[in-house]
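Novice: predicted model and sequence below, questions to follow.
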Amino acid sequence: MSAFMVISKIIGGLGNQMFQYAAGYSLAKKINEEFKIDLRFFKNYNLHNGSELGSVFSISANNASTEDIKKVLGWRKSPIILNILEKKKCPLLNGSKCIMEYGFEYWPFIQRIKTDCYLTGYWQSDKYFNDYSSEIRKQFVFKKPIDAINSEIASAISSCNSVSLHVRRGDYANNQKTLEIHGLCSVDFYKEAIAYIDKTVSNPIYYIFSDDIEWAKNNIKISSLCHYINHNNGKESYNDMRLISLCKSHIISNSTFSWWGAWLSVSNNKIVIMPKQWFADKSIITRDIVPHSWITI
């Protein structure tokens, strides 16, 4: 291992944190350098459940110290300066070691990085970590033992042709700015996805996960047997991802949370259906968030 390092800025909800971690971890493995994570941006962050990687998963990366970040970034080390650089979107100001993502499509030039660097972005594509997918799965092993109620559901999920169905509303529906960026999956999307599963999977049993379970009950019609999971809340919400990952097929929303739940599933011949429109803004290129075998509607 060299004396250099790859540092990933971690921010956002659990799904985003996982993408940022996976991209940095894989790059560090590729160039045989140490990998660390920068959690400073959670200091005044009040969304979701804050920093969750270390409490939810058995990750191996250490937190980057101020000295670590200074070594890589120099005068760009402070969160204030990094935020300014992100808004300016001027690569010349970043220097050679501050690697910023400027779009949601896969950035192939990351493969050319050979030395220490600081990654800031969302990196929402499995293309960043496909070469190390087995190691990423080991990093994302749930740390805490499963509790009694979730254990019972997990057993049921494992014994049938289980299909996870995730409905993301919450801040997407209640915050106008967030709604304008992300948008909501339509009832028609779920209707088409369910029809595909019903046609393809023998005796499917649906497990519905949502931050607005009443909306799901009232708006998504399922003729097959289904169960609504609504007890994993707050700091325990990661258990929904754990249960999703145990299902054999998946209908996910435009949410990195359910994306990762489906990706972590190791079911043979799993079917994953996701929305073709990932953001409300159709000009944002998001084709690279779709893994090779997944279906878009």
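Specialist: The structure has been received and is ready for your questions. Predicted model only: the values in this text are computed from it and were never measured.
Novice: switch to C-alpha atoms for all contacts and neighbour counts from now on
Specialist: Will do.
Novice: how does this protein divide into domains?
Specialist: 5-139, 148-296 (automatic domain parsing).
Novice: will you turn the ones you listed into a markdown table that also has mean pLDDT and mean neighbour count?
Specialist: Shown next, in a markdown table, are the domains of the chain (pLDDT from 0 to 100; neighbours: other CA atoms under 10 Å):
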| stretch | mean pLDDT | mean neighbour count |
| --- | --- | --- |
| domain 5-139 | 95 | 18 |
| domain 148-296 | 93 | 18 |
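Novice: tell me the contacts of residue 80?
Specialist: For residue 80, the contact set (CA atoms under 8 Å, 6 or more residues apart in numbering) is empty.
Novice: name the SS class of it, please.
Specialist: Following DSSP: H, G, I helix; E, B strand; the rest coil, we place residue 80 in the helix state.
Novice: residue 86 versus that one, what's the distance?
Specialist: Using CA to CA, to the nearest Å, residue 80 is found at 10 Å from residue 86.
Novice: can you report phi and psi for the residue in the chain sticking out farthest from the centre?
Specialist: Here the chain reaches farthest from its C-alpha mean at residue 75, the gap being 30.6 Å by CA atoms, centre = their mean. Dihedral angles of residue 75 (phi, psi; degrees, to the nearest 10) stand at phi -70, psi -10.
Novice: before we move on, what about residue 118?
Specialist: Dihedral angles of residue 118 (phi, psi; degrees, to the nearest 10) stand at phi -120, psi 120.
Novice: so it makes contact with residue 95?
Specialist: No. Contact status for residue 118 versus residue 95: not in contact, 10.6 Å apart, counting by CA atoms under 8 Å.
Novice: what segments of this structure are helices?
Specialist: Along the chain, the segments classed as helices by DSSP state H run 14-31, 53-56, 66-73, 79-88, 91-94, 133-139, 148-158, 170-174, 176-182, 187-200, 213-219, 238-246, 256-264.
Novice: so which of the ones you listed comes closest to residue 44?
Specialist: Closest to residue 44 of the helices of the chain, according to CA to CA: helix 79-88, at 11.5 Å.
Novice: what angle do that closest one and helix 66-73 make?
Specialist: Using axes from the mean of the first three to the mean of the last three CA atoms, to 10 degrees, the inter-axis angle of helix 79-88 relative to helix 66-73 is 30 degrees.
Novice: kindly export helix 79-88 (C-alpha atoms) in PDB.
Specialist: Below are the C-alpha coordinates for helix 79-88, written out as PDB (Å, rounded to 0.1, in the frame of the first residue of the first chain):
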ATOM      1  CA  PRO A  79     -15.900  22.600   3.200                       C
ATOM      2  CA  ILE A  80     -16.600  26.300   2.400                       C
ATOM      3  CA  ILE A  81     -14.100  26.400  -0.400                       C
ATOM      4  CA  LEU A  82     -15.200  23.000  -1.700                       C
ATOM      5  CA  ASN A  83     -18.800  24.200  -1.800                       C
ATOM      6  CA  ILE A  84     -17.700  27.300  -3.800                       C
ATOM      7  CA  LEU A  85     -15.800  25.200  -6.200                       C
ATOM      8  CA  GLU A  86     -18.800  22.900  -6.800                       C
ATOM      9  CA  LYS A  87     -21.000  25.900  -7.500                       C
ATOM     10  CA  LYS A  88     -18.400  27.600  -9.800                       C
END
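Novice: how distant is it from the center of its chain?
Specialist: When distances are taken as CA atoms, centre = their mean, to the nearest Å, helix 79-88 is centred 23 Å away from the chain's centroid.
Novice: now do the contacts for residue 196.
Specialist: If you count contacts by CA under 8 Å, 6+ apart, residue 196 has none.
Novice: could you report the distance from it to residue 274?
Specialist: Residue 196 sits 12 Å away from residue 274, going by CA to CA.
Novice: angles on the backbone of residue 122, please.
Specialist: phi -110, psi -30.
Novice: that one and residue 8, how far apart?
Specialist: Residue 122 is 10 Å from residue 8, by CA to CA.
Novice: anything in contact with each of the two?
Specialist: By CA under 8 Å, 6+ apart, the residues touching both residue 122 and residue 8 are residue 20.
Novice: what's the closest of the helices of the chain to residue 232?
Specialist: The closest of the helices of the chain to residue 232 is helix 238-246. By CA to CA, the value is 6.2 Å.
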